[in-house]
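what's the 3D shape of this:
(chains A, B, C and D)
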Number of protein chains: 4
Amino acid sequence: MAYFGDPLPAEDLLFRPHHSLIDQSMHARLGVETTNGDGFGMGWYGDGPVPAVFKNTDPAWNDPNLREIARQIRTPLLFAHIRASTGTPVQRSNCHPFRYDRWLWMHNGAIAGFHDLKRDMMLAVDPSLYPEIEGSTDSEALFYLALTYGLTDDPPGAVARAIGFVEASGRRHGIALPVQMTVATSDGESIWAFRYSSEGRSRSLFYSTDVVQLRKLHPELEVLHELGTATRFVVSEPLRDLQGAWNEVPESSCGIVGPGRQEIRPLSPVEPG
Amino acid sequence: MAYFGDPLPAEDLLFRPHHSLIDQSMHARLGVETTNGDGFGMGWYGDGPVPAVFKNTDPAWNDPNLREIARQIRTPLLFAHIRASTGTPVQRSNCHPFRYDRWLWMHNGAIAGFHDLKRDMMLAVDPSLYPEIEGSTDSEALFYLALTYGLTDDPPGAVARAIGFVEASGRRHGIALPVQMTVATSDGESIWAFRYSSEGRSRSLFYSTDVVQLRKLHPELEVLHELGTATRFVVSEPLRDLQGAWNEVPESSCGIVGPGRQEIRPLSPVEPG
Amino acid sequence: MAYFGDPLPAEDLLFRPHHSLIDQSMHARLGVETTNGDGFGMGWYGDGPVPAVFKNTDPAWNDPNLREIARQIRTPLLFAHIRASTGTPVQRSNCHPFRYDRWLWMHNGAIAGFHDLKRDMMLAVDPSLYPEIEGSTDSEALFYLALTYGLTDDPPGAVARAIGFVEASGRRHGIALPVQMTVATSDGESIWAFRYSSEGRSRSLFYSTDVVQLRKLHPELEVLHELGTATRFVVSEPLRDLQGAWNEVPESSCGIVGPGRQEIRPLSPVEPG
Amino acid sequence: MAYFGDPLPAEDLLFRPHHSLIDQSMHARLGVETTNGDGFGMGWYGDGPVPAVFKNTDPAWNDPNLREIARQIRTPLLFAHIRASTGTPVQRSNCHPFRYDRWLWMHNGAIAGFHDLKRDMMLAVDPSLYPEIEGSTDSEALFYLALTYGLTDDPPGAVARAIGFVEASGRRHGIALPVQMTVATSDGESIWAFRYSSEGRSRSLFYSTDVVQLRKLHPELEVLHELGTATRFVVSEPLRDLQGAWNEVPESSCGIVGPGRQEIRPLSPVEPG
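Okay, the predicted model is just below:
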């Protein structure tokens, strides 16, 4: 889940939505796993350009510190993630979001055959970035590939090259459909949301409708008047059922939301030269 | 889950049954909660009369140490428990089974209004036992009440008095239906399994049929020839669907299994004098 | 360690002093234990009257989340504590500071013979407060005794009665010198610091000199000009060696610091009637 | 600490020596760090050829499960390790001993400039072994280099090549003295103990004297008659002061102990071709 808008207490974002993050970790509705209890993380922009991250291996619903902190934090841009491990160890360094300088990155999905592809991917990471890798997940490897291919300058181009690399590497190792991903990344100003899978059947990804428009659709809804006009959510599952509120990001696309900006671009893998 | 019989590797008991403990923690079938991710514990009799306990607050499915140890332990009597907290903190001292000297105790269920009844229950615990209480759950409080009322000499009588005390205490505090419990306890030789609730609708509890009888019913089943003839399981959910294998412990009853012993007795609350 | 003064980033308080909290947990200089690695906690006043608490059982120096959060929090009143267990389990509910409504409480020391005195102390806690006790330490028991005896109205009087109760209970159980304590407590506006032990040899406790005075003593010290004039520290060990900066709280005393307030009062046990 | 000899309860090895492992983690006497509280691990050979490992990130002295398990395990070959992190995260996958098939490996020391050398070392690991790496430490990287260079066939030769590789890689990156290590490794039958550092000043490493000889030196010592005649300890610090009991492994050497075998061989780095 990603939030962008007027500074709000993290508690409102994590614990108060009709279908909150905490509830989501217990009963993920559209996810593959029925239980996402392999750790969680929260990244937010506050004091200074580098975001803070709070990550833990306990199930989100068991961490009293999370609620304590959420009550004290106000932020205009928050990432929250609940993890269902696809095999790598349950440890803080494998929890999302990952951070590099002012960038946050979180991922749902999996690199099929990562066991076989990992070494290729690691070799392709820029040697100056390589030592910064802390964990052992496919998600972090993908992040560092994207950083290698220019994420901080051109996010859509860098992600296209990262998945292009993985597709090519998959072909070399006989893995037909290596990529299954939805990704959200941010520099603290905009959010880029990517949806792509080798077989064209990615997990769901939604962004919320402009609040001004939503208020016209649902003038009776108090909560819409409490949200700032710049508010955007990017989620893997709609936070509540509300007609017209949620727009699915299409397959093979990148959605971008930011100050005065909303855009959908096509996304296809580009094999790095 | 409780096992009694020939010494078996704990791994076979925890990870190999068709519907194993690990699977159970992810997808409890008959339980109230859909996810039991608030810690787990294992108690077993090995070297010496005092059982060992291994307990942790991680979800059972995330603890690599559990599998390591389960491979190395052979035991004739094992208790395993997965916890779904009813409000008390997720910490090792609140995980089951609880131990006192050579006794193990584990509980599914809840004392309704425990917040209000706790002080009464604690005051009723024998002062010499009181300092041994380590955690803050209703389950451990019930254990120490039963110990106070003679568990080590007469388990069914002691449990009858413990629930009698709670019923009376509930009446004093205006809590109509305070008890909802299934309990298993052992001294290392026998297992006592209790099922009782104030409203007569306890959670499920089953014990397995005598293996010799089961072999006659299912002569083709290899696995029954691998199990020793003394084998008994006590479970809140059948480990696998097998006709004639599982006997439900009736409401308001105590089931006893042990060497050459199988018994069902009625259980009703007795208010301690 | 307690801080009172202009809102400062927690990071400056925890990680930047010459002899910071983190260093302290590794090499406590004056403490009894050489290593304080049994958990830590931080409580602070931020949004709203009820303080937030962040507590964990890892050693403070191993918790990356602590540093992340400390960078994002600004507070005018912070408590930080590192625990060396005297026997009770290492679990979050036993970590300091403890909180009740808007009050924080932290303790260094021990109740001798707590194993024997615990039941008496628990019985003396007001029944309406009793269910709020979460952990199993002597420190939290002392807090709830003080709350029972009027902490929120008259902190010095309540603490005098709480230690009076423990002294009397100790006499009944043949424990000659039951109390060894330094305590800090706050309602978000003032800090009360208590030093008392049955044998008159309490652990050390210091409060910092008024900043305006300190600047006159050390006009060359930049850091004193960065601190607000209302700044006060209450510590068990001086944060850095600086002539005139630290005033020892005498035995059997209560020090009070708050907005425009600095006071030392004698403290002697008062047996509750 | 490594033990080799008649099967003994792990409890005797970990908790009963005069200067036990638990004490060692609190007050390491000869180590660089004054506190080793960044996790611990135990590996032992029991049922089956593959050893079991129990590892945790809590300080060893805080893990009640460790004592529970130690009471139930009997083993002829046990490795135990307490970690003081040199910068990599405190997580189970970074705790020693590391395991590959029937081999255990544990390391005290550090690769200087590991941040710069890590990529080279990882590239040198055999691609078929690479995906088995779980953590992020220099110690595990060294293990996989040694496995790549033939550890399972020729331990001393493989370790010589592994350190040869690191020395050469250090020269390429301008790191003059990259290696500082003591290592113990085992296949379940013998123990190889290595002591080497680039500057010739490695941490201490001792092996115990043959028990039959020791009994002649100290006929009055009961404990020597309780130990089997095949008993050997390999330790970084002597378990107790006892004249003639401890032999220092010299710099740049490999000590080998096993059934009917005791040997010291010189060890020098060999750059792999």
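
hmm, residue A:74 and residue A:45 touching each other?
No. Counting by Cβ atoms under 8 Å, residue A:45 does not reach residue A:74; the two are 10.7 Å apart. Backbone N, C-alpha and C define where each C-beta goes, glycine included.

looking at those two, which is more packed in?
Shown here are residue A:45 and residue A:74; by other Cβ atoms under 10 Å in any protein chain shown, residue A:45 has more neighbours (23 against 17).

how much space separates the more buried one from chain D?
24 Å (Cβ to the nearest Cβ, to the nearest Å).

in the stretch 101-250 of chain A, what residue lies closest to chain B?
residue A:136 (13.8 Å; Cβ to the nearest Cβ).

for the nearest residue to that residue once chain neighbours are set aside, which residues are in contact?
Ranked by Cβ to Cβ, 6 or more residues apart in numbering or on different chains and with sequence neighbours excluded, the top spatial neighbour of residue A:136 is residue A:88, at 5.0 Å. By Cβ atoms under 8 Å, 6 or more residues apart in numbering or on different chains, the residues touching residue A:88 are A:94, A:135-138.

give me the secondary structure label for residue A:88.
coil (DSSP: H, G, I helix; E, B strand; the rest coil).

repeat for the one 5 residues further on
For residue A:93, the reduced secondary structure class is helix; criterion used: three-state DSSP.

pick the one among the contacts of residue A:88 closest to residue D:49.
residue A:136 (26.5 Å; Cβ to Cβ).

got a pLDDT number for the closest one?
What the model reports for residue A:136 is a pLDDT of 94.

let me see the contact set for the residue of the stretch 101-250 of chain A closest to chain B.
Neighbours of residue A:136 in contact, by Cβ under 8 Å, 6+ apart: A:88-89, A:93-94, D:93, D:133-136.

angles on the backbone of it, please.
Backbone torsions for residue A:136, taken as degrees, to the nearest 10, come to phi -130, psi 20.

what do you get for residue A:179?
The phi/psi pair for residue A:179 (degrees, to the nearest 10) reads phi -110, psi 130.

count of neighbours near the closest residue to it other than its chain neighbours?
Leaving aside its sequence neighbours, residue A:179 sits nearest to residue A:198 (Cβ to Cβ, 6+ apart; 4.7 Å). Neighbours of residue A:198 under the rule other Cβ under 10 Å: 20.

same check, this time on the one 4 residues further on
Residue crowding around residue A:202 was assessed by other Cβ under 10 Å; the count is 22.

ok, back up a step: nearest to residue D:50 among the contacts of residue A:88?
Closest to residue D:50, out of all of those and judged by Cβ to Cβ, is residue A:136, at 21.6 Å.

quick one: which of the contacts of residue A:88 is nearest residue B:239?
Proximity of those to residue B:239 (Cβ to Cβ) peaks at residue A:94, which lies at 32.3 Å.

ok, that closest one - contacts?
Counted by Cβ under 8 Å, 6+ apart, residue A:94 has contacts A:39, A:83, A:85, A:88, A:135-137, A:140.

mind putting these in CSV, secondary structure included?
Listed next are those as CSV, based on three-state DSSP:
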residue, secondary structure
A:39, coil
A:83, coil
A:85, coil
A:88, coil
A:135, coil
A:136, coil
A:137, coil
A:140, helix
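
can you put the residues you listed in TSV and add distance to residue C:178?
Converted to TSV, the contacts of residue A:94 look like this (distance: Cβ to Cβ, whole Å):
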residue	distance to residue C:178
A:39	43
A:83	48
A:85	49
A:88	51
A:135	49
A:136	51
A:137	52
A:140	53
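
taking the stretch 51-200 of chain A, what residue is nearest to chain D?
Closest point on the stretch 51-200 of chain A to chain D, by Cβ to the nearest Cβ, is residue A:91, at 3.9 Å.

the stretch 51-200 of chain A against chain C: which residues are in contact?
A:52-56, A:64-65, A:68-69, A:71-74, A:92 (Cβ under 8 Å from any Cβ of the partner chain).

and the two most separated of these?
A:74 and A:92 (24.5 Å).

what stretches of the stretch 101-250 of chain A score poorly on pLDDT?
For the stretch 101-250 of chain A, not a single residue meets the criterion pLDDT under 70.

please enumerate the helices of it.
In the stretch 101-250 of chain A, the helices defined using DSSP state H, counting those that start in this stretch lie at A:114-124, A:138-148, A:155-172, A:211-217, A:222-226.

just name the most buried of those helices.
Comparing the helices of the stretch 101-250 of chain A by mean neighbour count (mean count of other Cβ atoms under 10 Å in any protein chain shown), helix A:138-148 ranks first with a mean of 25.

what angle sits between it and helix A:114-124?
20 degrees (axes from the mean of the first three to the mean of the last three Cα atoms, to 10 degrees).

which other helices and strands does helix A:138-148 contact?
For helix A:138-148, the packing partners by 3 or more Cβ pairs under 8 Å, 6 or more residues apart in numbering or on different chains; DSSP states H and E come out as strand A:98-100, strand A:103-111, helix A:114-124, helix A:155-172, strand A:179-186.

residue A:229 and residue A:209 touch, don't they?
No. In this structure residue A:229 lies outside contact range of residue A:209 using Cβ under 8 Å: 11.9 Å.

looking at those two, which is more packed in?
Taking neighbours as other Cβ under 10 Å, residue A:229 and residue A:209 compare with residue A:209 leading, 18 against 12.

give the contact list for that one.
So residue A:209 contacts A:217, A:244-247 (Cβ under 8 Å, 6+ apart).

among those, who's most crowded?
Top of the contacts of residue A:209 by neighbour count (other Cβ under 10 Å): residue A:245, with 20 neighbours.

how about that residue, nearest residue that isn't a chain neighbour?
residue A:209 (5.5 Å).

quick one on the thing from earlier: out of the helices and strands packed on helix A:138-148, flag the one nearest residue D:263.
Per Cβ to Cβ, nearest to residue D:263 of the helices and strands packed on helix A:138-148: helix A:114-124, 36.8 Å.

the inter-axis angle of the closest one versus strand A:103-111?
Using the same axes, to 10 degrees: helix A:114-124 against strand A:103-111 is 140 degrees.

helix A:114-124 close to chain D?
Yes. Helix A:114-124 lies within reach of chain D by Cβ under 8 Å from any Cβ, at A:115-116, A:118-119, A:122-123.

mind checking how far that helix is from the chain centre?
Taking the mean of its C-alpha atoms, helix A:114-124 sits 22 Å from the chain's own mean (Cα atoms, centre = their mean, to the nearest Å).

any idea what residue A:254 is bridged to?
Beta-bridge partners for residue A:254, by DSSP bridges, are residue A:194, residue A:265.

repeat for residue A:42
Where residue A:42 sits in a bridge, its partners, by DSSP bridges, are residue A:54, residue A:80.

so what's it up against?
The contact partners of residue A:42, by Cβ under 8 Å, 6+ apart, come to A:10, A:14, A:53-55, A:66, A:70, A:78-81, A:97.

double-check residue A:215 against residue A:225; I have them as touching.
Yes. Contact criterion Cβ under 8 Å: residue A:215 and residue A:225 qualify, at 6.9 Å.

what about residue A:125, how many residues close to it?
Number of residues near residue A:125 (other Cβ under 10 Å) recorded here: 20.

so who does it touch?
A:133, A:141, A:144-145, A:147-148.

so for stretch A:14-32, mean pLDDT?
The average pLDDT for stretch A:14-32 rounds to 51.

picking that back up, and which of the contacts of residue A:136 is nearest to chain C?
Top of the list for closeness to chain C, among the contacts of residue A:136 and by Cβ to the nearest Cβ, is residue A:93 at 9.1 Å.

quick check: pLDDT value at the closest one.
Here the pLDDT value assigned to residue A:93 is 94.

from what I can see it touches residue A:132, true?
No. Residue A:93 is beyond contact range of residue A:132, at 11.4 Å (criterion: Cβ under 8 Å).

just the CA trace of stretch A:99-114, in CSV.
Presented in CSV, the C-alpha positions along stretch A:99-114 are these (Å, rounded to 0.1, in the frame of the first residue of the first chain):
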residue,chain,number,x,y,z
ARG,A,99,15.7,1.7,0.6
TYR,A,100,18.5,3.2,-1.4
ASP,A,101,19.4,6.8,-0.7
ARG,A,102,16.0,8.6,-1.1
TRP,A,103,14.3,5.7,-2.9
LEU,A,104,11.9,3.2,-1.6
TRP,A,105,10.9,0.0,-3.4
MET,A,106,8.4,-2.7,-2.6
HIS,A,107,7.3,-5.7,-4.6
ASN,A,108,4.6,-8.3,-4.7
GLY,A,109,5.3,-11.3,-6.8
ALA,A,110,8.2,-13.6,-7.5
ILE,A,111,11.0,-14.3,-9.9
ALA,A,112,10.4,-17.9,-10.9
GLY,A,113,13.6,-20.0,-10.8
PHE,A,114,15.3,-17.3,-8.7
